[in-house]
Every structure is written in structure tokens, then in C-alpha cells.
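# okay, predicted coordinates and the sequence, questions at the end:
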Amino acid sequence: MKKTPLNQTHRELGARMVDFGGWDMPVQYSGVIDEHQAVREAAGLFDVSHMGEVEVSGANALAFIQQLTINDAAKLVDGQVQYSAMCYPEGGVVDDVTLYRFNESRYLFCVNASNTDKDFAWMQQVLAESAINDVTLTNRSDEFAQIALQGPKAETILSSLTDVVLADLVYYHFCEGAVAGVEMIISRTGYTGEDGFELYLPASSAVKVWQAIMTAGTPQGLLPIGLGARDTLRLEKGYALYGHELSREISPLEAGLAWITKLDKEDFVGKAVLVAQKAEGLPRRRVGLVMQERGIPREGYPVFVGDREVGVVTSGTMSPSLKVGVALALVEPAFAQEETELEVAIRNRRMGAKVQRPPFVK
């Protein structure tokens, strides 16, 4: 398995380690519920160094990105971040990504860990098949460590370690500056629904920065957070996860990502299929489900109306904040309306659920 630069640090903290897409990663430290609540009420520190980073540079970088992705990167200004995705010609999703604009000729993609090699190969293929010149793709994943500090106390904690005025850094924007004496990219983004920052720094400095943040934050209630709580946090906010709500078989429109799918911009990979899909009507839609009975919906559980199977759960958990089961599911459009009563088959028993638009936790 691959290891992040913080692997030994996680072991010293007593983390339970698991194989996550070929990476040896911490699933929990003190426990999923404790870690979840720490992020909601104080702050949590995540090692997300397994994520991939691909730089796009050159005079025609923007033209290439516009062809590659479904969102409109032309709207970005220097120092801004955009959530987007790449599609196959058939309309399915290659990966969902965040895109960082440094200037008109330099951008950085953050891609999902298990997709890094596939994504880089796809970018190379799209570029090779295009008529676009003067674009350079560089896989910089091995150079970076990535640490996420999330929670209502994140700004207070990080401010003690940097001269950057974090109050001036607005959501989905980034800057370059030093934290604990290490130069890095400081991004006001995250995957928890809380305020927070994602830090892109040299892999060689990961342990130093992690320890500095833990030292500064522990008196504020900061805890190290594993993959278990990362998943419950994102589910409470209804955030999509590749391989669950997004895949080669699921289009961004089906996945509820119409808001980043700019069908009015110039041609991009997959556009024709997505335009047709919208015109003809979606075969299924992603919805949020809240259990009305005591049961935990899990990935793959079928969803019913009466004796008819109308969908499937893509992700589900017991919400630590709400103390009820919540899920994301793909269902037939006729049953996607708010407050629609459905049933989830849990251990051969059908349990009541109701459609509710995420976020489940405001």
C-alpha cells in the first residue's frame, strides 16, 4: 500500500489503519462519533495527502480546461477555486475535481486519490486528441502533502501559526503564504460543510506542520480525524463521493450536479450526451433520504415504493448529529420530490424513509 508522509504519525497517535484505495490510511483515532462532533463543535485535522495534484500550464491552459471540464473555468479570477468534474464522451463522470487558478496560464487540479493515475492519463488523452497547443500537464502529486483543518475554530487555530490575514480569505479562494514557517497554498475549502482550510505543502514538511497545528489547536478542542468521520461529515451535508454518487455509469445531471454543468458554454467532452439527457428527461435522480424508522441505510440497499423497486442507496450512515439514518440514493424521477415516502430494504425488512433535500444538517 502507498503511504502518506504522515503514516508514522497516525500510528503513534493510535489510529486504526485501513486500506483505502491502495493507501494505508487512518479510519479513526478516538472514535468516529467523538471525531465527528469535534469538527462540528471545535475543529478537526485530516491527512488528505493521498489526494492527487495535476498542474496545467501554458498559454492555452484555459482553452484546454474548458474542453476538459463541465464547469465554466473562464469565470475564475486569480486566487479562486472552482468545483467541477470531467466527463467521458458517453456522459459518465471521470472524476469530480477542484480547480485552482493562479493566473491565466497556470492552474492546479486536485483530484481524488484512487483516480490520480487514471485522471492524469485521461487529461493527456484529451489534450492529445485536441487541436490545442502550448499546454503542459504535470503530475505533482508526489511533491505535495495535503492537510485539512476543519471546524468553527479552524480560523482561530490557524491564525496563530501564520501572518496571513485569514479573515480576508473568503470561501473557495486561496493564497500562498507560510504556516509554521513553511510556504504553502492556503485554501478556504473543505469536505465537511464547516468553515476550514485545505493546506497544500511540501511533503517533506508534513510532520512539522501537522504537529504545529495539533499543538496550537489541542487547547481549542482540536482532534485528529480519520476517514470514518470524514464520511459521516460529508454525508450530513449531502456531498457526493466518487464511486458512490459519481461514476462512469452516473452522469453529473443524475448526480445532482446540474449546478456545475454549464451546458451553455462551448463544447466540452460529454456535452452532447448531457444536452440530450436533459432534453429527454433523466432516467434517475440523486435524492437525500431520512429514515422514519430505526435503521441504518447502506450502500447498495434497494429503495421501494410498495412492491416496486425504484432506486438504490449510494451512501448511507447513522447521522451522529441527528441520531437518525440518512442516505443519498438514485431513484426514478417520479419519486424524487421532497417529502415523498419511500422504503429502504434493510436486512430483508423494508423500513420507512422520506425524501429530504440535503444538507441534512444545516
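Looks like it arrived, so ask away.

# dihedrals phi and psi, L328?
Here is the backbone geometry of L328 (degrees, to the nearest 10): phi -110, psi 140.

# in the sheet, who's paired with it?
G288, S315 (DSSP bridges).

# mind listing the strands in the stretch 151-300 of the chain by residue range?
174-179, 182-187, 196-202, 223-225, 285-291 (DSSP state E, counting those that start in this stretch).

# hey, what's the angle from the first one to strand 196-202? Just curious.
Per axes from the mean of the first three to the mean of the last three C-alpha atoms, to 10 degrees, the angle that strand 174-179 makes with strand 196-202 is 70 degrees.

# direction included, what does strand 174-179 pair up with?
When DSSP bridges is applied, strand 174-179 pairs with strand 182-187 (antiparallel).

# V310 contacts A336, doesn't it?
No - counting by C-beta atoms under 8 Å, V310 does not reach A336; the two are 9.6 Å apart. To be clear about C-beta, it is placed using only N, CA and C from the backbone, and glycine gets the same treatment.

# mind exporting stretch 199-219 as CSV, just the C-alpha atoms?
Extracted as CSV, the C-alpha positions of stretch 199-219 are listed here (Å, rounded to 0.1, in the frame of the first residue of the first chain):
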residue,chain,number,x,y,z
LEU,A,199,-3.2,23.3,3.0
TYR,A,200,-1.0,22.1,0.1
LEU,A,201,2.6,21.9,1.3
PRO,A,202,5.9,20.2,0.6
ALA,A,203,5.7,16.5,1.5
SER,A,204,8.9,16.9,3.5
SER,A,205,7.2,19.4,5.8
ALA,A,206,4.1,17.4,6.6
VAL,A,207,5.0,16.2,10.0
LYS,A,208,6.3,19.6,11.2
VAL,A,209,3.1,21.4,10.1
TRP,A,210,0.8,18.7,11.5
GLN,A,211,2.5,18.8,14.9
ALA,A,212,2.4,22.6,14.9
ILE,A,213,-1.3,22.7,14.2
MET,A,214,-2.1,20.0,16.8
THR,A,215,-0.1,21.8,19.4
ALA,A,216,-1.9,25.1,18.7
GLY,A,217,-5.3,23.5,18.4
THR,A,218,-5.5,20.9,21.2
PRO,A,219,-6.4,23.5,23.9
